[in-house]
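Peer 1: Need the 3D shape of this:
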Amino acid sequence: MDQAPMNVLIVESRRELAALWRRHLERMGARVWLACDQQTATDLLHEVPFRIIVLDLVLPEGSPLAIADFASYRQPGCQVIVVTNTSFFSDGSIFNHCANACAFLPSATPPADLAAMVEHYGQATQG
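Peer 2: Numbering: from 1, shown residues only. Next up, the predicted model:
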């Protein structure tokens, strides 16, 4: 990873899963913020420049696609790794609905693999 820590936002309502992902990302040197709903995520997007967002498509409060859309407006260089535990968008159509999506993964992806994806796409978006 580069000298400056990568800022990563995890938007996930299952706190245990978010914490697991956070630990793996922090081990690779990332600075990680957690949000469990749309309001918290958009508040953070106003305050912190993120390189990557790990975004669960299933949130009990708010719209994940609205978060991705706001991120694309507020932070055009930020990429979104979409995760889900459903088969919705499994045909790849998420890339038609989310212009800043760079990857689409099942929520059950091993945390080390997710961290590798974050590192890869985070380095690719670095100025």
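
Peer 1: need the contact list for the closest residue to residue 85 other than its chain neighbours.
Peer 2: The spatially closest residue to residue 85, leaving aside those adjacent along the chain, is residue 107, at 4.1 Å (CB to CB, 6 or more residues apart in numbering). Heads up, the C-betas are built off the backbone N, CA and C, glycines and all. For residue 107, the contacting residues are 17, 56, 83, 84, 85, by CB atoms under 8 Å, 6 or more residues apart in numbering.

Peer 1: gap between the helix or strand residue 119 falls within and the chain center?
Peer 2: Using DSSP states H and E, the secondary-structure element containing residue 119 is helix 111-124. Helix 111-124 has its C-alpha centroid displaced from the chain centroid by 10 Å (CA atoms, centre = their mean, to the nearest Å).

Peer 1: same check, this time on stretch 50-68
Peer 2: Taking mean C-alpha positions (CA atoms, centre = their mean), stretch 50-68 and its chain are 7 Å apart.

Peer 1: then that stretch to PDB, C-alphas only?
Peer 2: This file holds the C-alpha atoms of stretch 50-68, laid out as PDB (Å, rounded to 0.1, in the frame of the first residue of the first chain):
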ATOM      1  CA  PHE A  50     -13.000   8.400   0.500                       C
ATOM      2  CA  ARG A  51     -11.200   6.400  -2.100                       C
ATOM      3  CA  ILE A  52     -13.400   3.300  -1.800                       C
ATOM      4  CA  ILE A  53     -16.900   2.500  -0.400                       C
ATOM      5  CA  VAL A  54     -17.800  -1.000   0.400                       C
ATOM      6  CA  LEU A  55     -21.600  -0.800   0.000                       C
ATOM      7  CA  ASP A  56     -24.100  -3.500   1.000                       C
ATOM      8  CA  LEU A  57     -27.100  -3.400  -1.400                       C
ATOM      9  CA  VAL A  58     -29.500  -4.500   1.400                       C
ATOM     10  CA  LEU A  59     -29.900  -1.800   4.100                       C
ATOM     11  CA  PRO A  60     -32.900  -1.600   6.400                       C
ATOM     12  CA  GLU A  61     -32.700   2.200   6.400                       C
ATOM     13  CA  GLY A  62     -32.200   4.200   3.300                       C
ATOM     14  CA  SER A  63     -31.200   3.500  -0.300                       C
ATOM     15  CA  PRO A  64     -27.800   2.000  -1.100                       C
ATOM     16  CA  LEU A  65     -28.100   3.300  -4.700                       C
ATOM     17  CA  ALA A  66     -28.800   6.800  -3.400                       C
ATOM     18  CA  ILE A  67     -25.500   6.600  -1.400                       C
ATOM     19  CA  ALA A  68     -23.600   5.500  -4.500                       C
END
